[in-house]
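Visitor: Mind looking at a prediction? Sequence and model below.
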Amino acid sequence: PEEKLNLDDSQWEDIHVVTGALKMFFRELPEPLFPYCFFEQFVEAIKIQDNTTRIKSIRTLVKKLPRPNYDTMKILFEHLKKIAAKESVNLMSTQSLGIVFGPTLLRPEKETGNMAVHMLYQNQIVELMLSEYSKIFGS
C-alpha cells in the first residue's frame, strides 16, 4: 500500500527532519545513486589535475549513468545548488554539501582500508558537480 505523507504535519517544519529524510532515502537505496560499478571511474576522474579535463571526464561518466540515476542526480544537484546559493543564510557551502552528501550518494561496494581517502574523493566529486553543474548537466 502506498504511504501518504501529511506535509502539513508540524514535524516537517524542522528543516533537519526533511534533510535527514532525504539523506536516509538515498542511503537506503539498494545501490547508491552513483552505481557501484562507476565508483572507481568517478574517483579516477576527480584525480585528474587539469580542471577542464576533469570536468569533461565527470560529464562523460554522468552521461553514461542509467537514465533514472541521471535524471534523479540532475534534479538533486539542481536542488543542492539552490541550497549552496543561500550559503549566507543556511551556512551550507558546496564544500559542506559535499561532506554531507558525498558518502551517501557515492560509495564503493566493498569498504576497504582507504575509507578516509575515499571520503575525500566522494566529497570532492559532489563539490565539483555542484560548482560546475551547468558544464556537467548542460546540453
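Guide: Perfect, thanks for sending it. Computed from a prediction, not measured in an experiment: that's the story for all the values here.

Visitor: Dihedrals phi and psi, the nearest residue to Pro66 once chain neighbours are set aside?
Guide: Using Cβ to Cβ, 6 or more residues apart in numbering and skipping residues adjacent in sequence, the residue nearest Pro66 is Pro35, 7.0 Å away. The way it works is simple: take the backbone N, C-alpha and C, and place the C-beta from them, glycine included. Main-chain dihedrals, Pro35, degrees, to the nearest 10: phi -50, psi 150.

Visitor: what's the neighbour count on Pro35?
Guide: Each residue near Pro35 was counted by other Cβ atoms under 10 Å, and the total is 14.

Visitor: show me the contacts for it.
Guide: For Pro35, the residues meeting the contact criterion (Cβ atoms under 8 Å, 6 or more residues apart in numbering) are 65-66, 69.

Visitor: can you map out the helices along this protein?
Guide: Using DSSP state H, the helices of the chain run over residues 15-28, 39-46, 51-64, 67-85, 87-90, 94-105, 115-131, 133-137.

Visitor: tell me the mean pLDDT for the fifth one?
Guide: Averaged across helix 87-90, pLDDT comes to 92.

Visitor: heads up, I number from 53, so please use that
Guide: Yes, from this point I'll number from 53; that puts the last item at helix 139-142.

Visitor: For the lowest-mean-pLDDT helix or strand in the chain, name the packing helices and strands.
Guide: Of the helices and strands making up the chain, the lowest-confidence element is helix 67-80, at a mean of 88, by mean pLDDT, DSSP states H and E. Using 3 or more Cβ pairs under 8 Å, 6 or more residues apart in numbering; DSSP states H and E as the contact criterion, the secondary-structure elements in contact with helix 67-80 are helix 146-157.

Visitor: buried set for the helix it packs on?
Guide: Applying a neighbour-count criterion of 16 or more other Cβ atoms under 10 Å, the buried positions in helix 146-157 are 146-157.

Visitor: Out of these, the closest to Ser183 would be?
Guide: Looking at the buried residues of helix 146-157 and their distance to Ser183, the nearest is Thr146, at 5.2 Å (Cβ to Cβ).

Visitor: show me the contacts for the closest one.
Guide: Thr146 sits next to 136, 179, 182-183 when contact means Cβ under 8 Å, 6+ apart.
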